[in-house]
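# Only the shape, not the letters, is given here:
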């Protein structure tokens, strides 16, 4: 199993840019993030250094600047974050989370349709797995 890497909210912003397009230089990342966060080059440099130490990013020496790449798979990071959130906030119970969202009217009609489709597919996969396993 892959090593668990915890990303802060700020680190998620950097990772999302790298997942969208890699490699990127520190200045490319800074230019993207400056508009939405106001972060300076030094702030981005601090995050990249911390994320490198965690094993979330890696770099290669480029012509004039380091080229940064994600070292963590986006899907794995999302699954880990989702599981941690579910465990922490809802005691690991997906039903409790969905019930809370329904009670708070946090789901649009489109999201409800998406959930039905996801559950239908999960049910089909479960049947196929049961027949083959």
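Right, received. Where do you want to start? Please read all numbers here as calculations on a predicted model, not as lab measurements.
# Poorly predicted segments of this protein, please.
Along the chain, segments meeting pLDDT under 70 span 1-3, 130-133.
# Helices of that one, start to end?
Secondary structure of the chain (DSSP state H): helices at 9-20, 26-37, 41-54, 74-90, 94-103, 109-132.
# ok, residues contacting the fifth one?
Spelled out, that is helix 94-103. With contacts defined as C-beta atoms under 8 Å, 6 or more residues apart in numbering, helix 94-103 is touched by 86, 89, 90, 107, 115. From N, CA and C alone the C-beta is placed, and that goes for glycine too.
# give me that answer again for 10 Å
The contact list for helix 94-103 (C-beta atoms under 10 Å, 6 or more residues apart in numbering) reads 82, 85, 86, 89, 90, 91, 93, 106, 107, 111, 112, 115.
# Any figure for the gap between residue 22 and residue 53?
19 Å (C-beta to C-beta, to the nearest Å).
# Those two: who's more crowded?
Each of residue 22 and residue 53 has its neighbours counted (other C-beta atoms under 10 Å); residue 22 has more, 13 against 9.
# close enough to count as contact, that one and residue 16?
No - if you go by C-beta atoms under 10 Å, residue 22 and residue 16 don't touch, sitting 11.3 Å apart.
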